[in-house]
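1. turn this into a structure:
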Amino acid sequence: MATRTDTSAGTRRRGPERFRRHRLNAEINVTPLVDVMLVLLIVFMIAAPLLSVGVPVELPKTDARSLPSQQEPITITVDREGAVFLQDREVTLDLLVERLRAIAGNGYEERIYLRADESSDYGAVMKVMARVNAAGFSNLGLVTDPVSQ
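-> Modelled structure (predicted):
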């Protein structure tokens, strides 16, 4: 009895022999990854300046160095017209201390930054500072812009 071992073009190879000609490509194509990363970089470069504190004011220019900060600070802003903002929401001077106590996580040792427009009324800024200090918050810092040289 004769066995047939004919491998003509009409028969299909089975088993591991069919993978000998066409090996799988195990390389990773990084081109789409690079494209996505470049798009994300551009998006974050455009969006980063928009994430600053919400109330626009013209800060006075000084040579003072910035203080190190580990977390987002509590910010009180006095604008040109004398309106007072806690973070980015407007508050009255009477409600300022009450809301400040509500959001101060570290109690009276919480660092509070006071931002005031360069052309704002000095008396309005001093009223805010006096209220915050009288409420027991002693860690108050004034925010300025650096002097351009």
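2. top helix in this protein by residue count?
-> helix 31-47 (DSSP state H).
3. average pLDDT across that one?
-> Predicted confidence along helix 31-47 averages 89 (mean pLDDT).
4. return the helix or strand in this structure with minimum mean pLDDT.
-> Every helix and strand in the chain was compared by mean pLDDT, DSSP states H and E; the lowest is strand 61-62, with a mean of 71.
5. ramachandran coordinates for residue 141?
-> Reported as degrees, to the nearest 10, the phi and psi values for residue 141 are phi -120, psi 150.
6. look up the closest residue to it, ignoring the ones flanking it.
-> Using CB to CB, 6 or more residues apart in numbering and skipping the chain neighbours, the partner closest in space to residue 141 is residue 113 (5.1 Å). Any C-beta I mention is one placed from the backbone N, CA and C, and that applies to glycine too.
7. need the contact list for the one you found.
-> Residue 113 makes contacts with 73, 74, 75, 76, 140, 141, 142, 143, as judged by CB atoms under 8 Å, 6 or more residues apart in numbering.
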